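In: no sequence on hand, only this structure:
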């Protein structure tokens, strides 16, 4: 089973890179009319943007990409603000999945998001906190989101890599569990986002777990790519995707 899941994750990674390369090398169209969505990024210190001196994380870049290439006016919502501009979020430094789970009813009631972006589990892995059941805790958190906000679209990400390679088996095990869990929702409103492709090169991270500005640019690209490929887009795989952050000509990744 583990081998099947590993192969499946490898396939997701290959598809992500192939799709992104196609979008970048064969531009299609830029959107002319903006549709407003309230987007809530949910997570831990990575969602806050720790590691980015400006504390924008992936959020500001994603906001810009969605407006410029996806026709989406992203109103970022949540109780916290880090970075500049429209940059609210629900990221709590050091938080595990269970600690965010209890916040979900109030978050959904207060901010009524149309879209939530979930990346959680880094602290469960880092603390070795009941790791075997961490993907199930994440599933229960997604169920809770849907209970309190039934029509919301959920994009749930695999974890970005840790710098220390000795953590890779733990990160991979969690990510395999997430990859197996997402299809159980059998819904086009719950989409897996393969953020585990970030952290694979030295300039992706500034410490053990937090992305650099380059790493966050890659995260923004992947979030937007999978929003493009999902049913959120009436004509999936039709958006432009903006600057390609896996090359030497990207200002943050050169």
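Out: Yep, it's here. Only a predicted model underlies this, so the values are computations on that prediction, with no experimental measurement involved.

In: alpha carbons only for contacts and neighbour counts from here, please
Out: Noted.

In: which residues does the nearest residue to residue 66 once chain neighbours are set aside contact?
Out: Using Cα to Cα, 6 or more residues apart in numbering and skipping residues adjacent in sequence, the residue nearest residue 66 is residue 72, 5.2 Å away. Residues counted as contacts of residue 72 (Cα atoms under 8 Å, 6 or more residues apart in numbering) are 34-37, 66.

In: how about the helices of the stretch 151-254 of the chain, start to end?
Out: Secondary structure of the stretch 151-254 of the chain (DSSP state H, counting those that start in this stretch): helices at 168-181, 213-228.

In: which residues does the longest one contact?
Out: Contacts of helix 213-228 from elsewhere in the structure, counted by Cα under 8 Å, 6+ apart, are 16, 20, 51-53, 57-59, 61-62, 65-66, 70, 155, 191-195, 198-199, 203-205, 233, 236-239, 241-242, 244-246, 252-253.

In: buried ones in it, by neighbour count?
Out: For helix 213-228, a neighbour-count test (16 or more other Cα atoms under 10 Å) marks 213-228 as buried.

In: swap in the shortest one?
Out: By 16+ other Cα under 10 Å, the buried positions in helix 168-181 come out as 170-180.

In: what residues does the strand ranked longest in the chain touch?
Out: For the chain, the strand with the greatest residue count under DSSP state E is strand 35-43. Contacts to strand 35-43, defined as Cα under 8 Å, 6+ apart, come from residues 47, 59, 71-78, 88-92, 95, 100, 112-120.

In: starting from it, tell me which strands it pairs with and how they run.
Out: strand 72-76 (parallel), strand 88-91 (parallel), strand 115-119 (parallel) (DSSP bridges).

In: ranking those strands by burial, who's on top?
Out: Of all the strands paired with strand 35-43, strand 88-91 carries the top mean neighbour count, a mean of 25, counting by mean count of other Cα atoms under 10 Å.

In: so how far is that strand from its chain's centroid?
Out: Put simply, strand 88-91 sits 13 Å off its chain's centre (Cα atoms, centre = their mean, to the nearest Å).

In: same thing with stretch 182-200?
Out: Stretch 182-200 has its C-alpha centroid displaced from the chain centroid by 8 Å (Cα atoms, centre = their mean).

In: measure it end to end?
Out: With Cα to Cα, to the nearest Å as the measure, stretch 182-200 spans 23 Å from end to end.

In: again with stretch 189-201
Out: Taking Cα to Cα, stretch 189-201 runs 31 Å from one end to the other.

In: can you tell me the centre-most residue of this protein?
Out: Centroid-nearest residue in the chain, with Cα atoms, centre = their mean: residue 157, separated by 4.6 Å.

In: how many residues are close by the closest residue in space to that residue that isn't next to it in sequence?
Out: Spatially, and ignoring its direct neighbours in sequence, residue 157 is nearest to residue 193 (4.4 Å; Cα to Cα, 6+ apart). For residue 193, the neighbour count with other Cα atoms under 10 Å is 26.

In: quick one: pLDDT of residue 193?
Out: Note on residue 193: pLDDT of 98.

In: now residue 245
Out: In this model, residue 245 carries a pLDDT of 91.
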